[in-house]
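Undergrad: Predicted model follows, preceded by the sequence.
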Amino acid sequence: MHGLKRVKKSTDYGIQLRAKQKAKRIYGIQEKQFRNYYLKSKKLKGLVGDNLVSMIETRLDNVTYLGGLSQSRTQAKQLISHKHILVNNKPLNISSYLVRVGDVISFNKDSKVKDNLRLGDKDFRYPSWFDVNKQNQSIKITSMPIREEIASGIDVNLIIEYYSR
């Protein structure tokens with residue numbers, strides 16, 4: 001009635017911004033913290049994209065989710081903040097803690113939230129870079145994640161381009 005409606009093509013900046021926002025929403029990370037991860041990954045040896053993905057994947061809340069100790073990343077954050085999760089048998093309430101090789105993540109003995117886990121599902125699959133003990137409901141980090149193992153659906157190159165401007 002009022003003419004043909006045109007859909008504008010996204011600019012390069014818009015595409016990069018959308019990729020960064022998608023990654024932030026998937027992992028539940030604020031802008032300042034995401035930028036700090038990018039700046040730290042630039043200083044490390046190796047490719048910036050690989051370092052960035054490795055840092056984000058090894059956050060305690062993400063490992064708790066991927067290991068099946070929680071139903072979602074937001075539930076993992078809440079479990080961590082209420083000290084239901086132990087790292088090396090010590091309570092830790094920092095969800096952005098970067099786990100290292102050899103760390104063991106488990107539940108607090110007094111925790112009553114152990115019943116609603118993905119860990120017990122028949123079709124539950126966990127990444128190859130950590131070992132899950134279903135009886136003890138614990139996760140042991142055996143190696144650092146590689147970019148090829150991570151299937152999060154984010155384009156890291158667009159995020160690097162966004163922050164490189």
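TA: Nice, thanks for sending it over.

Undergrad: roughly how far apart are Asn108 and Asn88?
TA: 13 Å (Cβ to Cβ, to the nearest Å). In short, each C-beta sits where N, CA and C put it, glycine included.

Undergrad: Between those two, which is the more surrounded one?
TA: Taking other Cβ atoms under 10 Å, Asn108 and Asn88 do not tie; Asn108 has more neighbours (16 against 12).

Undergrad: ok, how many other residues are close to the closest residue to that one other than its chain neighbours?
TA: Nearest residue to Asn108, sequence neighbours excluded (Cβ to Cβ, 6 or more residues apart in numbering): His84, at 5.2 Å. Number of residues near His84 (other Cβ under 10 Å) recorded here: 21.

Undergrad: how about the worst-scoring helix or strand of the chain on mean pLDDT: buried residues?
TA: Among the helices and strands of the chain, strand 130-133 carries the lowest confidence by mean pLDDT, DSSP states H and E, at a mean of 86. For strand 130-133, the neighbour count (16 or more other Cβ atoms under 10 Å) marks 130, 132 as buried.

Undergrad: Tell me how far the helix or strand that it is followed by lies from the chain's centre.
TA: Downstream of strand 130-133, the next assigned helix or strand under DSSP states H and E is strand 138-141. Distance, stretch centre to chain centre, for strand 138-141: 15 Å (Cα atoms, centre = their mean, to the nearest Å).

Undergrad: List the neighbouring strands of strand 138-141 plus their orientation.
TA: With DSSP bridges as the test, strand 138-141 is paired with strand 104-107 (antiparallel), strand 130-133 (antiparallel).

Undergrad: What mean pLDDT does the first one get?
TA: The average of the pLDDT scores along strand 104-107 is 90.

Undergrad: any idea how far that strand is from the chain center?
TA: The chain centroid and the centroid of strand 104-107 are separated by 17 Å under Cα atoms, centre = their mean.

Undergrad: got it, and stretch 71-89?
TA: 13 Å.

Undergrad: mind listing what's buried in that stretch?
TA: Applying 16+ other Cβ under 10 Å to stretch 71-89 flags 73, 75-77, 79-80, 84-87 as buried.

Undergrad: Identify all contacting residues around that stretch.
TA: Identification of contacts with stretch 71-89 by Cβ atoms under 8 Å, 6 or more residues apart in numbering yields 26-28, 60-62, 64-65, 69-70, 91-95, 97, 99, 103-108, 111, 113, 116-118.

Undergrad: For ChimeraX, what selects the buried ones among those residues?
TA: Only the buried entries of these go into this ChimeraX selection, using 16+ other Cβ under 10 Å:
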select :27,28,60,61,62,64,65,69,70,95,97,99,103,104,105,106,107,108,113,117,118
